[in-house]
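Q: for reference, the sequence and a predicted model appear below.
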Amino acid sequence: MSNSTMSITLNGKKQELAAPTSVANFLLSFSLPAKGIAVAINNEVIPREQWEHTQIADGNEILLIQAFSGG
């Protein structure tokens with residue numbers, strides 16, 4: 001089975017990525033820390049425990065938020 005690509009919007013910018021992929025695999029490509037990340041797909045927050053099982057679909061709007069500390 002060959003992978004295709006899909007078009008998503010990530011933080012307001014169009015982006016192409018390999019399909020299919022889970023939220024967890026998508027986040028691995030960014031080398032982000034394990035904590036301090038929030039993900040919403042189509043304005044719905046995806047709990048961390050669902051990242052492995054939640055698939056990203058063509059046309060999804062993804063909001064990725066990384067918490068920062070300091071002042």
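A: Happy to help now that I have it.
Q: middle-most residue in the protein, spatially?
A: In the chain, the residue lying closest to the centroid (Cα atoms, centre = their mean) is Val23, at 4.7 Å.
Q: determine the number of other residues adjacent to the residue nearest to that one when sequence neighbours are not counted.
A: Counting by Cβ to Cβ, 6 or more residues apart in numbering, Val23 lies nearest to Trp51, which is 4.2 Å off, once chain neighbours are set aside. From N, CA and C alone the C-beta is placed, and that goes for glycine too. Residues near Trp51, counting by other Cβ atoms under 10 Å, number 16.
Q: gap between Trp51 and Ser29?
A: The spacing between Trp51 and Ser29, counted by Cβ to Cβ, to the nearest Å, is 13 Å.
Q: and if you look at Ile46?
A: In terms of Cβ to Cβ, Ile46 sits 16 Å off from Ser29.
Q: cool, Ser4 as well?
A: 17 Å.
Q: got it, and Leu17?
A: 8 Å.
Q: the more surrounded of those two?
A: Shown here are Leu17 and Ser29; by other Cβ under 10 Å, Leu17 has more neighbours (18 against 10).
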